[in-house]
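**Student:** how does the following fold in three dimensions:
(chains A and B)
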Amino acid sequence: MSIGGIDRVLFAPAGVSVADAILQVCRDLWPKCIFQDSDGAIGHEIDDPWVWMHGTASDEFFVFTDRTAYEMWNEFGASQENSNSMLHFIVRPHPGPPYGLFEVTVVVDQWDESMRALDDGLQNAFQAIYHVRSAA
Amino acid sequence: MNHFTDRKGYNAIAASPTWRFRASTPPGGHPFGAYFTNLAPDTVNLALKLRIPKDKLGYVFVFVDLGDLLPIAGGRGKFIFYLADDYLVIKERQIYHGESAQCPSAE
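**Tutor:** Numbers count the residues shown, from 1 in each chain, chains lettered A, B, ... in the order given. Presented below is the predicted three-dimensional model:
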């Protein structure tokens, strides 16, 4: 059985909405991206209020770079044509040590410039959360 | 535990009474090994979670898990496992093999 994807693991502070931070980074990079819960059948546009009211409670979800990517992935699964147009996020408590962290797994297809931009955005967002928490 | 494949892979594995799942190197820097999942054929968004083409899910081998497989690193380790070598499943552990759409029960 083949599996696809590069699994990148990052860490975020606990006690805040990690999914919210992830989706803000995705929206900045892909303003027309689509959110889909990993157990859901419906893709929601990133500006749909449902995403920010309910989607951010998800601990596993997909983000498609646009509606075309959402349709291709849901019809065909992975292909060369849709490479790096779907990001798979899994958020879970890090068993530690260190404690007080979430483990964030990001699954992509290739490590290219867009994925490095995503990685930088996520790391900056998580560091910003940490500094806000530390200052509180 | 489950192993999904296409018709060609199915015919090769099912040809022997003892199933042999051959190790290989998947993309993405994952270790050399034989890979499996505890996700059932009817799992919602299965192809997206495994990140493979849907036509690689047409056939499935289902067997009793002995707990001897390793989870991959990161969050997908809750549903993707591997062994760094060919993996053999004797007849007594075999539950089902055939078209995924006909699989009678989840693993």
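**Student:** where are the low-confidence patches of the chain?
**Tutor:** Chain wasn't specified; assuming chain A. Counting by pLDDT under 70, chain A shows low-confidence ranges at A:130-136.
**Student:** to clarify, I was referring to chain B.
**Tutor:** Residues of chain B that meet the cut-off, pLDDT under 70, sit at B:105-107.
**Student:** how does it look with 90?
**Tutor:** Residue ranges of chain B with pLDDT under 90: B:26-29, B:104-107.
**Student:** can stretch B:21-38 be found next to chain A?
**Tutor:** Yes. Against chain A, stretch B:21-38 shows contacts by CB under 8 Å from any CB of the partner chain at B:21, B:24, B:26, B:27, B:28, B:29, B:30, B:34, B:35, B:36, B:37. Yep, even glycine has a C-beta here, placed from its N, CA and C like the rest.
**Student:** cool, stretch B:39-57 as well?
**Tutor:** Yes. Between stretch B:39-57 and chain A, judged by CB under 8 Å from any CB, the touching residues are B:44-45, B:47-57.
**Student:** next, the buried residues of the top helix by length along chain B.
**Tutor:** Assignment by DSSP state H gives helix B:7-14 as the longest helix of chain B. Residues of helix B:7-14 classed as buried by neighbour count (16 or more other CB atoms under 10 Å in any protein chain shown): B:9, B:10, B:13.
**Student:** residues making contact with that helix?
**Tutor:** Outside helix B:7-14, the residues within contact range by CB atoms under 8 Å, 6 or more residues apart in numbering or on different chains are B:3, B:5, B:19, B:20, B:21, B:58, B:59, B:61, B:97, B:98.
**Student:** so after that helix, what's the next helix or strand?
**Tutor:** strand B:19-21 (DSSP states H and E).
**Student:** what helices and strands are in contact with that next one?
**Tutor:** When contacts are defined as 3 or more CB pairs under 8 Å, 6 or more residues apart in numbering or on different chains; DSSP states H and E, strand B:19-21 sits against helix B:7-14, strand B:59-63, strand B:87-89.
**Student:** contacts for the shortest one, please.
**Tutor:** I take that to be strand B:87-89. Contacts for strand B:87-89 (CB under 8 Å, 6+ apart): B:18, B:19, B:20, B:21, B:23, B:34, B:36, B:61, B:63, B:69.
**Student:** run a quick neighbour tally on the third one.
**Tutor:** Right, residue B:20. Neighbours of residue B:20 under the rule other CB atoms under 10 Å in any protein chain shown: 14.
**Student:** again, but for the first one
**Tutor:** Taking other CB under 10 Å as the criterion, the count of residues near residue B:18 is 11.
**Student:** hmm, it is touching residue B:91, no?
**Tutor:** Yes. Contact criterion CB atoms under 8 Å: residue B:18 and residue B:91 qualify, at 6.8 Å.
**Student:** before we move on, back to that, with the contacts of strand B:87-89 in mind, which one is nearest to chain A?
**Tutor:** residue B:36 (6.3 Å; CB to the nearest CB).
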